[in-house]
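> Build the 3D model from these lines:
(one chain, ligands or ions: 1)
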Amino acid sequence: MYKKPQIKAVHGVLVLESVIRIGSGLDYAIEIDNPNQKYTKFIHSLSGIDTVEEIIKNNPSLNSDEILEALETLDSYGYLEDAEDDRNNLFSDDELNKYKVNLNFFSTLKSSNKYEIQNKLKNSRILILGLGGIGSNICISLCELGIGNITAVDFDTVDSSNLNRQLLYDEVHIGRLKTEAAAERVHQFNSSVNFKAISQEISSFEDVKRIVKKEKYDAVVNVADYPTGYIDSWVNRVCVEYKIPLFAASVSKKWGRVYSVIPHETACYQCQCLEEERKNPNYLKELEAIKKTSGAETSRYRTPNGALGPACLFQGYFVGYEILRLILFGSKALTTNNKRFNIDFMSFSQNFDELIKFDDCPVCGGKNNG
Ligand SMILES: [Zn+2]
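Numbering: from 1, shown residues only. Okay, the predicted model is just below:
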């Protein structure tokens, strides 16, 4: 039980004529019958100053069983916290203040302790492949959440044309490696984050494997678009092999897309290709043709980037939320669990395509299954 119970600071208390209302808004509010102000003094004594014994002593109009039962009920609804919760020792004073608003939000979640949730995020490890339009915004959103360990891979340098959408970089970074600029910016933004930058061009399946094997990542985010036609497939194969959840996001002019792969649970990227091939029997041939393009041919195929900043921000934060859901509640809580999210940014119309997991998928099916 609690040392010094208090109504969670995030839930306001309003004493009305015959009821006490705790919390406000959808999901948060309850009303307790309060005939003749029977519980008013008791509710006010739940301020984190008194111990349970003192609360019982200071409320003689209620017997101890009534008080213990009331505390139990409030606890079961998730309205109580301990003013002397020693789990706050998991953080420095600076971190506690930095994550104060996160902690307020986490305290609205009934099932877990707010410090334990923040600590879970602090101990998480995320790998981001690509620090461009979406990747740089995902990186910022993960720093905001307090994800403690972020590794990012890119080989590009900052160009002024990146600054319409890549929040990690400023004009002073133009010409510098994105990974170096990102490390500097992340340190300025949230120095509690252990940020590792890998300046490397990914040019093979083995490259992806070597990078992913470096640490035990909780999730991999693939927002690299090069080498076109290969990278999605390489990252998918590695993540399935090492059973690491994968998120991928893209913006194509006005359209955005996000999918996740939970190895051996949901459809993988290759499953999506097989599904496309069902609709278009030439799909895999087209994919091969894209892979084989080179030189001028590639630049003819690769149309100029037309991604707006707000679209990249949206995608970055969408993936940030998916990672939060994965870490806090597991893969079943993902909005993209076996679904692909699509958005038309001009109308904001959105839908989720149900995906098919193929038993004969060469990557995640058959003998590889589980
Ligand atoms: Zn598959």
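> Assign the closest residue to residue 205 other than its chain neighbours to helix, strand or coil.
Once flanking residues are discounted, residue 205 sits nearest to residue 234: 4.5 Å by CB to CB, 6 or more residues apart in numbering. No exception for glycine: its C-beta is placed from N, CA and C like everyone else's. Look at residue 234: counting by DSSP: H, G, I helix; E, B strand; the rest coil, its state is helix.
> Could you do the one 3 residues further on as well?
For residue 237, the reduced secondary structure class is helix; criterion used: three-state DSSP.
> what sits against it?
Contact analysis of residue 237 by CB atoms under 8 Å, 6 or more residues apart in numbering lists 205, 270, 363.
> Just the pLDDT for residue 93.
pLDDT for residue 93: 95.
> burial of it, as a residue count?
8 (other CB atoms under 10 Å).
> all helices for the stretch 101-250 of the chain, in order.
For the stretch 101-250 of the chain, applying DSSP state H, counting those that start in this stretch gives helices covering 114-122, 133-145, 178-189, 205-213, 231-241.
> re earlier: of the contacts of residue 237, which are in range of the ion?
Among the contacts of residue 237, the residues lying close to the ion (CB under 5 Å from the ion) are 270, 363.
> Mind giving me the PyMOL select for the contacts of residue 237, buried ones only?
The following PyMOL selection, which keeps only the buried ones among the contacts of residue 237, applies the criterion 16 or more other CB atoms under 10 Å:
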select buried, resi 270+363
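> wait, isn't residue 128 in contact with residue 217?
No - contact criterion CB atoms under 8 Å: residue 128 and residue 217 do not qualify, at 10.0 Å.
> Give the intersection of the neighbour lists for the two.
What both residue 128 and residue 217 touch, as defined by CB under 8 Å, 6+ apart, is the set residue 151.
> of these two, who's got more company?
Neighbours per residue (other CB under 10 Å) separate residue 128 from residue 217, with residue 128 holding more: 26 against 22.
> And the residue of the stretch 51-200 of the chain closest to the ion?
With CB to the ion, the shortest gap between the stretch 51-200 of the chain and the ion falls at residue 129, namely 19.2 Å.
> before we move on, back to that, which of the helices of the stretch 101-250 of the chain has the highest mean neighbour count?
Of the helices of the stretch 101-250 of the chain, the one with the most neighbours on average (mean count of other CB atoms under 10 Å) is helix 133-145, at a mean of 26.
> So which elements touch it?
Helix 133-145 sits against strand 125-129, strand 149-154, helix 178-189, strand 246-252, helix 309-329, with contacts defined as 3 or more CB pairs under 8 Å, 6 or more residues apart in numbering; DSSP states H and E.
> at 6 Å what do you get?
strand 125-129, helix 309-329 (3 or more CB pairs under 6 Å, 6 or more residues apart in numbering; DSSP states H and E).
> Most tightly packed of those?
For those, the highest mean count by mean count of other CB under 10 Å goes to strand 125-129, at a mean of 24.
> how about stretch 202-222 as CSV, C-alpha atoms only?
Extracted in CSV, the C-alpha atoms of stretch 202-222 (Å, rounded to 0.1, in the frame of the first residue of the first chain):
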residue,chain,number,x,y,z
ILE,A,202,24.2,1.0,-46.7
SER,A,203,25.0,-0.9,-49.9
SER,A,204,24.3,-4.5,-49.1
PHE,A,205,22.2,-7.0,-47.1
GLU,A,206,25.4,-7.7,-45.1
ASP,A,207,25.8,-4.0,-44.2
VAL,A,208,22.3,-4.0,-42.7
LYS,A,209,23.0,-7.2,-40.8
ARG,A,210,26.2,-5.9,-39.3
ILE,A,211,24.5,-2.7,-38.1
VAL,A,212,21.5,-4.4,-36.7
LYS,A,213,23.6,-7.0,-34.9
LYS,A,214,25.7,-4.3,-33.1
GLU,A,215,23.1,-4.0,-30.2
LYS,A,216,19.9,-5.5,-28.9
TYR,A,217,17.4,-3.1,-30.4
ASP,A,218,13.8,-3.0,-29.4
ALA,A,219,12.8,-1.8,-32.8
VAL,A,220,14.3,-0.8,-36.1
VAL,A,221,12.9,2.1,-38.2
ASN,A,222,13.6,2.0,-41.9
